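>>> One predicted model, sequence on top.
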Amino acid sequence: MTKRPWIGTSWKMNKTVAEADAFCETVARSPFARDDRAQLFVIPPFTVLYRVAQALDETDLIVGAQNAHWKDAGAWTGEVSPVQVKDCGGRLVEIGHSERREHFGETDETVALKTEAAVRHGLVALVCIGDTREEYDAGRTAEALRRQTEALISRVDWSRPAKVVVAYEPVWSIGEGGTPAEPGFADEQHARIKELTREKLGFALPVLYGGSVNPGNCVELAAQDHIDGLFIGRSAWNAEGYLSIVSDVVSSLS
Ligand SMILES: O=C(CO)[C@H](O)COP(=O)(O)O
């Protein structure tokens with residue numbers, strides 16, 4: 001069966017309004033703006049979420065937010081709710097990125113609450129999990145992934161349609177100084193996560209790989225049996241870089 005990979009990027013805390021506009025213009029004009037060989041997605045910061053959703057409205061890209069609270073509204077200064085994300089045109093919420101776990105107190109429990117809320121509001125919950133350098137060095141990758149996977153699925157009402165996608169992002173592979181996971185190693189972890197979700201839910205959740213994806217490793221990573229797509233940071237912040245990875249991956253899989 002031919003794969004239809006997810007290929008997307010989070011801009012993290014980057015891009016002005018003008019830079020966001022330029023990215024969207026390039027992507028919207030490209031042949032990949034409407035291409036059913038891949039599911040493209042882009043996750044801008046909140047400051048331009050509405051604008052990016054509008055700019056990409058005529059394309060097949062999914063636009064999402066980098067976080068959303070578990071409550072619908074209320075006295076939660078500095079937070080944004082899933083209702084507000086939807087209102088801005090967001091269709092996806094990224095949850096539990098390692099930078100939020102490390103710097104903003106995100107825990108397995110808040111990830112579970114946010115995943116449940118995003119799903120309840122019909123959003124795609126893109127939930128990031130990953131082993132830290134210490135866990136990896138101690139041979140505790142499997143244990144870390146089991147704990148985080150069990151948490152993320154724990155509160156969702158699976159008797160209703162639920163759109164949940166997992167991103168395996170080894171913490172040691174992310175950002176400047178990160179080491180991309182070897183494709184074979186990544187594939188083994190993806191297989192593990194998928195098997196665990198199958199065991200618990202009766203079906204396997206899609207699992208994307210993230211962490212130093214670049215033009216040199218994207219094709220091999222995307223070709224792995226259990227890798228359902230790529231979640232890219234730095235190499236996709238420039239629209240041309242993003243589209244070139246999309247083009248390479250899509251043509252290698254077609
Ligand atoms: O979230 C990520 C993808 O948007 C992830 O942190 C990977 O970042 P990168 O190492 O800069 O690709």
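Sure thing, it's come through. None of these values were measured; they are calculated from a predicted model.

>>> so who does the residue nearest to Ile245 when sequence neighbours are not counted touch?
Nearest non-adjacent residue to Ile245, counting by Cβ to Cβ, 6 or more residues apart in numbering: Cys218, 4.8 Å away. For the C-beta atoms, the positions are set from N, CA and C on the backbone; glycine is no exception. Shown in contact with Cys218 (Cβ atoms under 8 Å, 6 or more residues apart in numbering): Leu230, Ile232, Ser235, Ile245, Asp248, Val249.

>>> Would you mind giving the secondary structure of the residue of the chain most remote from its centre?
Distance to the chain centre peaks in the chain at Ala75, reaching 27.7 Å (criterion: Cα atoms, centre = their mean). Judged by DSSP: H, G, I helix; E, B strand; the rest coil, the three-state class of Ala75 is coil.

>>> quick one: low-confidence parts of the stretch 1-150 of the chain?
Where the stretch 1-150 of the chain drops to pLDDT under 70, the residues are 1.

>>> excluding its backbone neighbours, what's nearest the residue in it positioned nearest to the ligand?
Of all residues in the stretch 1-150 of the chain, Ser10 sits closest to the ligand, at 3.6 Å by Cβ to the nearest ligand atom. Leaving aside its chain neighbours, Ser10 sits nearest to Ile43 (3.9 Å; criterion: Cβ to Cβ, 6+ apart).

>>> For Ala20, give its distance to Trp237.
Distance of Ala20 to Trp237, computed by Cβ to Cβ, to the nearest Å: 11 Å.

>>> can you check Gly178 too?
Gly178 sits 15 Å away from Trp237, going by Cβ to Cβ.

>>> For the closest residue in space to Ile174 that isn't next to it in sequence, the count of nearby residues, please.
Distance criterion Cβ to Cβ, 6+ apart; nearest residue to Ile174, sequence neighbours excluded, is Gly211 at 4.9 Å. Gly211 has 26 neighbours, counted by other Cβ atoms under 10 Å.

>>> Same question for Glu134.
Close neighbours of Glu134, defined as other Cβ under 10 Å, add up to 11.

>>> Please enumerate the helices of the protein.
17-29, 49-55, 82-87, 98-103, 108-120, 133-137, 141-153, 183-201, 218-223, 239-253 (DSSP state H).

>>> Quick check: buried residues in the second one?
If you call a residue buried by 16 or more other Cβ atoms under 10 Å, then helix 49-55 has these buried ones: Leu49, Tyr50, Arg51, Val52, Ala53, Ala55.

>>> Next: the fourth one.
Of all the residues in helix 98-103, those buried under the rule 16+ other Cβ under 10 Å are Ser98, Glu99, Arg100, Arg101.

>>> Indicate whether it makes contact with the ligand.
No: using Cβ under 6 Å from any ligand atom, we find that helix 98-103 stays clear of the ligand, coming within 6.9 Å at best.

>>> what about the residue of the stretch 101-250 of the chain found nearest the ligand, how many residues close to it?
Of all residues in the stretch 101-250 of the chain, Gly233 sits closest to the ligand, with a separation of 2.4 Å (Cβ to the nearest ligand atom). Gly233 has 22 neighbours, counted by other Cβ under 10 Å.

>>> quick one: it from Glu99, how far?
For Gly233, the distance to Glu99 (Cβ to Cβ) stands at 10 Å.

>>> shared neighbours, those two?
Residues touching both Gly233 and Glu99 (Cβ under 8 Å, 6+ apart) are Lys12, Ile174.

>>> Contact partners for the residue nearest to Val166 when sequence neighbours are not counted?
The spatially closest residue to Val166, leaving aside those adjacent along the chain, is Val207, at 4.6 Å (Cβ to Cβ, 6+ apart). Counting by Cβ under 8 Å, 6+ apart, Val207 makes contact with Val165, Val166, Ala167, Tyr168, His190, Ile193, Lys194, His226, Ile227, Asp228.

>>> let's go with 7 Å and repeat that
Contact analysis of Val207 by Cβ atoms under 7 Å, 6 or more residues apart in numbering lists Val166, Tyr168, His190, Ile193, Lys194, His226, Asp228.
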